[in-house]
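Engineer: Here is the input, now give the coordinates:
(2 chains)
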There are 2 protein chains.
Amino acid sequence: MNILYPKNLCVALVIAITSLCSLTTKAQEQKSTWIWYPGDFEIWLSNDMQNRRTERGTFFPPFWRMDSHYVLVEFHKVFNLTEPEDIEIFAEGRYNVKINGKMVSGYPKKLTIPAGQQKINIKIHNQGHVPALYIKGKTIKTDNTWLVTFEDKEWIDETGKASDQSGTTYVKAGTWNFNTPDNKPSAFKLATRPQEAINTEKKGNQQVIDFGKNTFGFVKLHQLKGKGKIQIYYGESKEEALGTKTCETFDIFDINNVSAKDSVLELSKAFRYVNIVTDPEVSIAKVSMLYEYLPMKDRGRFTSSDAELNKIWDVSKYTMELTTREFFIDGIKRDRWIWSGDAYQSYLMNYYLGFDSESVKRTTLALRGKEPTMSHINTIMDYTFYWFLGIYDYYLYTGDKEFIELAYPKMQSLMEFCLQRRNKDGLMQGLSGDWIFIDWADGLSKKGEVSFEQLLLCRSLETMALCADILKDQKAKDFYSAEAKSLKSKIFNYYWNESKQAFAHSRIDGKQTDNVTRYTNMFAIFFDYLNAQQKQGVKQNVLLNDNIQKIMTPYMRFYELEALCAMGEQNYVMKEMKDYWGGMLKLGATTFWEEYNPAKSGAEHYTMYGREFGKSLCHSWGASPIYLLGKYYLGVRPTAPGYENYTIEPHLGGLKWMQGSIPTPKGEIELYVSTSEIKVKSPVGTGTLKINNKKKPVCKDATIKTVGKNQYELQVEKGREYLVKL
Amino acid sequence: MNILYPKNLCVALVIAITSLCSLTTKAQEQKSTWIWYPGDFEIWLSNDMQNRRTERGTFFPPFWRMDSHYVLVEFHKVFNLTEPEDIEIFAEGRYNVKINGKMVSGYPKKLTIPAGQQKINIKIHNQGHVPALYIKGKTIKTDNTWLVTFEDKEWIDETGKASDQSGTTYVKAGTWNFNTPDNKPSAFKLATRPQEAINTEKKGNQQVIDFGKNTFGFVKLHQLKGKGKIQIYYGESKEEALGTKTCETFDIFDINNVSAKDSVLELSKAFRYVNIVTDPEVSIAKVSMLYEYLPMKDRGRFTSSDAELNKIWDVSKYTMELTTREFFIDGIKRDRWIWSGDAYQSYLMNYYLGFDSESVKRTTLALRGKEPTMSHINTIMDYTFYWFLGIYDYYLYTGDKEFIELAYPKMQSLMEFCLQRRNKDGLMQGLSGDWIFIDWADGLSKKGEVSFEQLLLCRSLETMALCADILKDQKAKDFYSAEAKSLKSKIFNYYWNESKQAFAHSRIDGKQTDNVTRYTNMFAIFFDYLNAQQKQGVKQNVLLNDNIQKIMTPYMRFYELEALCAMGEQNYVMKEMKDYWGGMLKLGATTFWEEYNPAKSGAEHYTMYGREFGKSLCHSWGASPIYLLGKYYLGVRPTAPGYENYTIEPHLGGLKWMQGSIPTPKGEIELYVSTSEIKVKSPVGTGTLKINNKKKPVCKDATIKTVGKNQYELQVEKGREYLVKL
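Structural biologist: Reported below is the predicted structural model:
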């Protein structure tokens, strides 16, 4: 079987990357790691990242509330030592140490803990950074089994006796990949590597440097010398770099270097082109850059018989690489903020690419922030709901109950916030301060009770019921299930239009509006809320109907194409993908865009928000082919949490062959599909390979069941390889 | 009239101190001042202060949640300029500037604002310190009329148009006394001044330095030279400084100074004695200190014919001076935390001493912290209620409605927290995590529904109704009034014991317990919840009954003596004051203590919490004579907010004469009272001088009304002087 990636290469890659990235392997669980109050590092880091945005040299922060870490936290764990043990203590902040309730003098860096049962408590204060702890001993190590709180309520009475009923809530400590004492959370930086330009055009005191593709990092000025001003204009397009009056980002500063020295700019920026204008007395020998990135394992792969499609997948992957950073961000040039709707799509693509669960968790925690809940996530109602949906998917793909346990109280309070904002009909409508976003679409009405928001709320309630069930909170499960059911029936009563065979866009003053848009209709398909007849109605009357307002953003294209795929329209979607993403490639795109309208031409493509270069040319939501190709062409998706069960339902969609790797929590499912054969090997759970073929396929490795006309199934067990002849 | 303090001296004092302290004068309102999100500087500073505690060299932080400032805030104000105006901008943090919605490029430090209506928005991000702003222009100045928010929700649509319905809540900016660009909030430090020791005993490599009285500050080692260890043991008593194994605080460090240099220790400490032990090669030429203090105007005064009483008042004042710092703290040696119950008494004493409203507001805001409300203030149920009571008094003494407006939402949510924790009988009982403190008293039961807590809740509800009324929130006023009324009737039904003519201590399992304690009974007197007969019952059966458990802390002595004073027992209380506080003075106290039990002797007095020197010898709650002498002997108290109306009801309590100044928002009421005459002059409102005298007094300055047997009244108008012959 030579279709699978050579084993040796895979292993070598894993070894090379493990030390840099965030794998949760058994080996790591046994090592010490820096710990903190869960969510606090994420909030702190997201503040740092999101406040790095500049627009034309001006600081440009978010417009929602930014929370902070708890400045004073207590960590503890009980150990049973068979012999005395020496430990080393590293803390970020002022700290104290108690052993079995007895305070140790000063700020001990090394201690010998006696044999026997020993409770270690450490309290740390840090205002500017996250209080964090690292302990190294033979058996005593900091990891996520330590408990932590932000108020231990350890008061004493007048005799010095501590309270015996503190009522304190302890949670498991947060961790990531800070596995050595020197690798402090407060000093977190993404990795960098040098990258050279491919072309430089010099003209007088101006030089325009081309890095060959859209990229992200720190411009490096080699052998910088002289006295005077340096102006650096960044461009995702050459037009932008040259458009000094309208480009989105620049750096302007003065130097006075008697002797030449290399200089790396402070803030990383997005660009393909850099336009540098200097005063006459300033000289620069060369311009290069430090590419800045999150080290991540290379897991999901896709190649096929179609070179353009392969390019689409590769550029999508690169787009995702650029936007998967401290967190999943929207785009690299402009916001660099964490937007819940954008992140939600990044999660889904990530499951078919790096399967980096740490990035999903970090982003989820950062988005949620802290109590009190006073606004929607990013102030956007739909973005609140995507946050719930992200957790639904996270559990399905990873089976990680521990994270559900951590997130559940935050989910409950956010849902409570939503439910309290319903109107008298039990529907959600934009209240003062609520942004109803849905999509960037000309003239899209946000008035009244928009059906799309109710649909997302319904799915969010189902997510709540699911999580309540996982955590055995039966009462809550019943409550959320009942609310979901009741809302679902309202959605059909209020919005489903029998004559149009479609959901209406909204209700105003209690009356269904005339308008039909794609959003609610397409989501209802892959939420599986419609029966077969309704689905066909939606497909014909909405999805394939050119009279319905078209979608212009890759953001909503994502869902539109997913809905079509979910209805078996892979051939149609293949054509759409090649047209739409292929269209961007034909225009020279090296990363995929925030918005693409084929009707525009030239530099028109770069405008948005009324600004000449307002559009982001590397936007995570542009990378959806990764998701579509993995889930609906290779056709792999979990049906039980963590891929304990899953289906493989390949659709060539017109391709001669395709092959790929689909990451799971336990390794990659390797798959090759052609018109004549299917090869599969899985490291996880039990899969069902579903084959639609004119004749019954042949497989010597397993029994093939006939399940319908031209419908066959084959059970895939982990660790075995299957070759199916069609 | 020579009894009043010489006018010239008063004025001189005011002038000398104004520049240092926190007066809200008209002149200051017109100056620029640093502004921030209200409460944020207070929270940040309280974190800083409260995490400075060490115990025997070990970091000793609070055990309740510490909140943080908002890291990203937006300030704005609209100006109408008749001509263009140059402004200078100073910000603590990264910032941007918008003029009439248009972003200004970069980080402008100077700008010219055009004539016309101009809205200035400035957004600042700062993680480690409080985002703060200072703008200096001819008419454009930062002050508390600027509005501020932590989420402006200024999103834009795809055309770049900003949202027109943000739903953002703006509040008035917070300020204090940071009135120059260089005087940054983040660099706040208390003032210091050099102070010399009065005695040094040297013996070998040890020297014990006596500063003559308990004090607070930074030890300064002059001409420190050599190599080796320095051990500094601090003592509020000589025994403590010498008790190197048990003293509460010390500093131990190594030096290696080739040439001699002066060295000031990093953390300020409380001490009268400093015991310094050095390695042989270390030499110190001299030891002095930098006394650390909050500059405050000297306003309240008291002297009398009794020298011991005058000493008590002076030592009380010094005790208050030491514990009135960044905030009103409990004591100087140990906690240095902000305890709501302790602070509440400091507020009351402050109204008869410095009348420093800024300190009251800072402390109130710091105590409340931020949402979500998950625990009682300092985790103590009674301390939550004192927080409400503090606001009641603050309004009565200052008439400051603006602060009520700021505090009201925080009051509402804290009250909501309390009301939700009531049991099925509508009473508050200690739930898991609630500390029922009441007092340090041996064996005091906290079980069941303690009557004292219900009484404080009732007064807190009355405070809510009062504030709702001030802010014209009629619905809330009705609600809180009804709750207060209902609870008051429960308090009488459940706890008042007719046969004992007293309130019972508690109810357990729905049944009144046998125990009677002083707490509920004495508070009910000065809350004026009892009729005349009930008051007499309480007085005889509780207050003057030696079989009822005695109070050992000056904390509760405060209220016990207040209750007796409120019933006209000034002669009795005078004796008690001289016994109790005089008792401490006889033991050499230079500041008043956390607890005093006359039955103990020698160094026994210094023990507490099971620790040899656990007791704080300078505790704010030890200074209550200031309050009692001002309110119940000089007899001055407001009866309408801000002293618009007030009474003066002097009681000599056995003294031959007394004289004093009582601060009000508009200056000091000056009063002299002897057995033969009363002199009074007031700068504020309308006062009623109440005189109890065997014959009708004579006053040529006003009409004296007879209001009962031996009861006379005289109306005091502001700005006039009155001499009454008795």
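
Engineer: what about the stretch 551-700 of chain A, any weak spots by pLDDT?
Structural biologist: Scanning the stretch 551-700 of chain A with the threshold set as pLDDT under 70 gives no residue ranges.

Engineer: ok and the residue in it nearest chain B?
Structural biologist: Evaluated by Cβ to the nearest Cβ, the stretch 551-700 of chain A has A:Gly610 as its residue closest to chain B, separated by 3.4 Å. No exception for glycine: its C-beta is placed from N, CA and C like everyone else's.

Engineer: what's the nearest residue to that residue if we skip its chain neighbours?
Structural biologist: Spatially, and ignoring its direct neighbours in sequence, A:Gly610 is nearest to B:Gly160 (3.4 Å; Cβ to Cβ, 6 or more residues apart in numbering or on different chains).

Engineer: wait, the one you found sits on A:Arg611?
Structural biologist: Yes: applying Cβ atoms under 8 Å, one finds B:Gly160 in contact with A:Arg611, separated by 6.6 Å.

Engineer: sorry, back to before: give me the element the residue nearest to A:Gly610 is part of.
Structural biologist: B:Gly160 is part of no helix or strand, with elements assigned from DSSP states H and E.

Engineer: Helices along the stretch 501-650 of chain A, start to end?
Structural biologist: Under the criterion DSSP state H, counting those that start in this stretch, the stretch 501-650 of chain A carries helices at the ranges A:518-526, A:532-538, A:554-566, A:570-586, A:625-628.

Engineer: would you list those in TSV and tack on distance to A:Arg193 and mean neighbour count?
Structural biologist: Supplementary listing: the helices of the stretch 501-650 of chain A in TSV, determined by distance: least, Cβ to Cβ, whole Å; neighbours: other Cβ atoms under 10 Å in any protein chain shown:
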stretch	distance to A:Arg193	mean neighbour count
helix A:518-526	39	25
helix A:532-538	47	16
helix A:554-566	28	23
helix A:570-586	26	18
helix A:625-628	23	26
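
Engineer: Tell me which residues touch A:Thr200, please.
Structural biologist: Shown in contact with A:Thr200 (Cβ atoms under 8 Å, 6 or more residues apart in numbering or on different chains): A:207-210, A:287.

Engineer: Tally up the residues packed near the residue of the stretch 551-700 of chain A closest to chain B, please.
Structural biologist: 12 (other Cβ atoms under 10 Å in any protein chain shown).

Engineer: Any figure for the gap between the closest residue to A:Phe63 other than its chain neighbours and A:Ile329?
Structural biologist: Once its chain neighbours are removed from consideration, A:Phe63 has its nearest residue in B:Glu154; the separation is 4.7 Å (Cβ to Cβ, 6+ apart). B:Glu154 sits 20 Å away from A:Ile329 when distances are taken as Cβ to Cβ, to the nearest Å.

Engineer: So A:His222 belongs to a strand, correct?
Structural biologist: Yes: under DSSP: H, G, I helix; E, B strand; the rest coil, A:His222 sits within a strand.

Engineer: so who does it touch?
Structural biologist: If a contact means Cβ under 8 Å, 6+ apart, then A:His222 has A:262, A:284-288 as its contacts.

Engineer: On the strand side of things, show who it bridges to.
Structural biologist: Under DSSP bridges, the beta-bridge partners of A:His222 are A:Lys286.

Engineer: just A:Ile648 next, same as before
Structural biologist: For A:Ile648, the residues forming beta bridges with it (DSSP bridges) are A:Val636, A:Leu689.

Engineer: May I see the buried residues of the longest helix along chain A?
Structural biologist: When secondary structure is assigned using DSSP state H, the longest helix within chain A turns out to be helix A:474-495. Of all the residues in helix A:474-495, those buried under the rule 16 or more other Cβ atoms under 10 Å in any protein chain shown are A:476-477, A:479-481, A:483-484, A:487-488, A:490-491, A:494-495.

Engineer: Those residues into TSV, with extra columns for distance to chain B and pLDDT?
Structural biologist: Listed next are the buried residues of helix A:474-495 as TSV, based on distance: Cβ to the nearest Cβ, whole Å; pLDDT from 0 to 100:
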residue	distance to chain B	pLDDT
A:Ala476	19	98
A:Lys477	24	98
A:Phe479	19	98
A:Tyr480	22	98
A:Ser481	26	98
A:Glu483	23	98
A:Ala484	27	98
A:Leu487	24	98
A:Lys488	29	98
A:Lys490	25	98
A:Ile491	26	98
A:Tyr494	24	98
A:Tyr495	24	98
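
Engineer: just to revisit the earlier point, closest one to A:Met296 out of the contacts of A:His222, please.
Structural biologist: A:Ser288 (23.4 Å; Cβ to Cβ).

Engineer: Please look at that closest one and A:Ile198 and confirm they touch.
Structural biologist: No: counting by Cβ under 8 Å, A:Ile198 is not a contact partner of A:Ser288; they are 11.1 Å apart.

Engineer: more crowded one of the two?
Structural biologist: More neighbours sit around A:Ser288 than around the other of A:Ser288 and A:Ile198, counting by other Cβ under 10 Å; the figures are 19 against 11.

Engineer: wait, is that one part of a helix?
Structural biologist: No: if the criterion is three-state DSSP, then A:Ser288 is strand and not within a helix.

Engineer: so what's it scoring on pLDDT?
Structural biologist: The confidence metric pLDDT takes the value 98 at A:Ser288.
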